[in-house]
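**Student:** Provided below are the primary sequence and the corresponding predicted coordinates.
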Amino acid sequence: MHLEHIPGRAGQTTSWPQSIRSEVTEALAASGIEAPWTHQAQAAGLSRAGENVIIATRAASGKSAGYLAAALSEVLDGGTVLYIAPTKALAADQLQSVRALGVPGVRATCYDGDSTFADRAWAQAHANYLLTNPDMLHSALLPNHTRWRGFFKRLRVVIIDECHNYRGVFGSHVAQVLRRLRRVAAQHKPEDGQMAPVFVLASATIAEPAAGARLLTGLDVIAVTEDGSPRVPLTFALWEPPLMYTRGDVRSRRAATGEAADLLAALVRSEVPALAFIRSRRGAETVALTARTALGRDQGDVVAAYRSGYLADDRRDLEAGLRNGRITGMAATTALELGVNIPALDAVLIAGWPGTWSSLWQQAGRAGRAGRPATAVFIARDDPLDTYLIHHPDTLLHHPLEPAVLDPANPYVLAPHLAAAAAELPLTEPDLELFGPAAAAAVTGLTEAGELRKRQSGWHSARRDYPARRISLRGGPGRPVRVVEEETGRLVGTMDEPSAHRFVHDGAVYLHQGESYLVGKLDLDDRVALVECRDPGYSTQARGITDIDVIAGRRRARWGEADVVFGEVRVTRQVVGYTRVRSESKRREAEVALELPERTLITAAVWWTIPNDLVVPLPGNRLGGAAHAAEHASIGMLPLFATCDRWDVGGLSTEWHPATGQLTVFVYDGHEGGAGFAERAFAIAPAWLRATREAIASCPCETGCPSCIQSPKCGNGNNPLSKEGAVTLLDILLAKAD
């Protein structure tokens, strides 16, 4: 246990700039903001002066008042505002805030997947403050921009909230959507010389904010980073679950989800409003169910789960329950991480490393908004990175924040968006500069492939459909898979197609709002999984196989006789079976075979090789086990160095790979075309792999455990593994690392 007390501080106020309309300042004063914090006033003034700005201050610092002051003033001057949030929950929360201010003449509404046909028609005809998300902007607003001519003609401000979430493939897609938005706005710009819309970005936690904002928008942006808001005292506790021993000398700790469930129940029992952040959908459901069971009938109904995949009415009811106190404890995935305002929360539990320092402080910042001292507890999982961080509290709590990692020039991202842009408006030569240096080559490729047709006015789409419909911003191919109760036809939830292979395959046990569902059939053609509501007394874990073909090496570092390479690979993955795990005994039963199709991914990877004559100290089966263990540990440690989660990347290790003729360990981006994580790993390979070696060697277990070399996502059941061999292998690799 480690406790760190972060003291509170007083705030610094100032006055609103003269450019902010009096109607807006009066409404803000009536809501409790009589004088703005210094960063709020600075951001509002810059925006009203026509400057693009990013507000990068801590969670709960009142960033929204800064951009609202400027945006609502623009509305009163006759303009329109487009607000973009990464989640529907955040947009709905912001809509309540705008309406609560009651500024006369402001007509605000959400335009998202939950909006009815009547809502959408009203928005198109009347809205001057439109709240949406990148997916809706991409698939509905931009392809139909002519129907929104009046809105785009008067567009003065574009707000991009929680912009640190736009990273990896998702961030790369959003960067191109924003370039398409700039192009459409310019097309509808009035002839009187009205300026292009100002972009205002907000992020509680991001490094190099101006550079990240420029990468995302393609524009020069001024960063406001001096935080003038007050801060309540925060006690940050680091907790490592107790050791448990199973199977001889194999060492394991109690699951972080089990600890989180007990702590959540204890907090609720003491009437402390608390939120537990859990890494997975299934974990959130399990924690909520366990906490409810521990509390019994008297208090169990004040605990709930929250995750993506819930239907709109369910989400809104849960969010309202948190605000009005009907729900005291909630187990949630990152779907509730973003700036949804829940003033009553006093404690936050973080079950497992959330993937980035940005997310860590974003989650911790959910507590303490009512002005009372707050508590955050980080509960370590039995995982190499969590174990490393729990024993290095300075690294966990004082590490600088990460810069955004995204690549708008990714060809698998750029080309489809150019096709979508051409369908919205003919592409011209000046447009190519907007989309970046790689755009010209991408347009040539699209023309040769028959996707575009060159005419005198520019490149036009050669297809009759909307190309935007073929692009998934979040990296998952195609439409989501619907989870449907077979007996009633009720839609239980949704998930992306890759996740469906692992979680709703035939025979899977699927958890939803504390209920267990047994999957009868997964139909990938119709994108539906048919389920029945019953608890069979076991859970299921999918098992998969992976093959990798090297397409090309792009960059190479020579470490003596060893090589570290960054390049392009083809990954073939297939879920081939699943194992039943008995709920009470945790006993694993025999594997059940599945016949699911292979999935192919062309992506970026980093890999390292060692010649056979250097690995003589690792004879027999220990060689494969050593490579396998080093692969697991290196994937577990990568989030320490790149803005990723271990589930964003995959790996493969082999004693001999046909492309290299040597022992080879691959770590690849789990998204088509790459997400920037493998490239970052190549750039910092010596530090990354040394930390991996230290994490394995310093673990007190004898033969390997989840804290060092075992992986929760291993498709081979963590077999074979050699802890001692992995240390030896990494020593050989790092002996001449540059």
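**Tutor:** Here it is on my side, so go on.

**Student:** Report the separation between residue 432 and residue 160.
**Tutor:** Distance of residue 432 to residue 160, computed by CB to CB, to the nearest Å: 24 Å. Where C-beta positions appear, they are placed from N, C-alpha and C, glycine not excepted.

**Student:** And these two? Which one has more around it.
**Tutor:** Taking neighbours as other CB atoms under 10 Å, residue 432 and residue 160 compare with residue 160 leading, 25 against 18.

**Student:** what's around residue 703, how many residues?
**Tutor:** 14.

**Student:** and it, which of the three is it?
**Tutor:** coil (DSSP: H, G, I helix; E, B strand; the rest coil).

**Student:** Which pLDDT does the model give it?
**Tutor:** On pLDDT, residue 703 comes in at 81.

**Student:** Same question for residue 573.
**Tutor:** Per-residue pLDDT puts residue 573 at 92.

**Student:** Looks like it contacts residue 603 (just checking).
**Tutor:** No - here residue 573 does not reach residue 603: they are 11.0 Å apart, not a contact under CB atoms under 8 Å.

**Student:** neighbour count winner among these two?
**Tutor:** Ranked by neighbour count (other CB under 10 Å), residue 573 and residue 603 place residue 603 first, with 24 against 21.

**Student:** How much space separates that one from residue 411?
**Tutor:** Distance check for residue 603 against residue 411: by CB to CB, it reads 12 Å.

**Student:** what does residue 202 give?
**Tutor:** According to CB to CB, residue 202 and residue 411 sit 30 Å apart.

**Student:** ok, these two, which is more surrounded?
**Tutor:** Neighbours around residue 202 and residue 411, counted as other CB under 10 Å, are more numerous at residue 202. The numbers are 26 against 16.

**Student:** Look up phi and psi at that one.
**Tutor:** When quoted as degrees, to the nearest 10, the phi and psi of residue 202 stand at phi -140, psi 140.

**Student:** How about it: which residues does it bridge to?
**Tutor:** Beta bridges link residue 202 to residue 55 when assigned by DSSP bridges.

**Student:** In this structure it contacts residue 59, no?
**Tutor:** No - contact criterion CB under 8 Å: residue 202 and residue 59 do not qualify, at 10.9 Å.

**Student:** Output the below-cut-off pLDDT ranges for the stretch 451-600 of the chain.
**Tutor:** 475-478, 513-514, 583-586 (pLDDT under 70).

**Student:** just the strands in it please.
**Tutor:** Assigned by DSSP state E, counting those that start in this stretch, the stretch 451-600 of the chain shows strands spanning 452-455, 458-461, 481-485, 491-495, 509-512, 515-523, 528-533, 538-559, 562-582, 588-593, 599-610.

**Student:** For those strands, could you give me JSON lines that also reports distance to residue 737?
**Tutor:** Compiled in JSON lines, the strands of the stretch 451-600 of the chain are given as follows (distance: least, CB to CB, whole Å):
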{"stretch": "strand 452-455", "distance to residue 737": "46"}
{"stretch": "strand 458-461", "distance to residue 737": "47"}
{"stretch": "strand 481-485", "distance to residue 737": "44"}
{"stretch": "strand 491-495", "distance to residue 737": "41"}
{"stretch": "strand 509-512", "distance to residue 737": "44"}
{"stretch": "strand 515-523", "distance to residue 737": "45"}
{"stretch": "strand 528-533", "distance to residue 737": "47"}
{"stretch": "strand 538-559", "distance to residue 737": "5"}
{"stretch": "strand 562-582", "distance to residue 737": "8"}
{"stretch": "strand 588-593", "distance to residue 737": "39"}
{"stretch": "strand 599-610", "distance to residue 737": "10"}
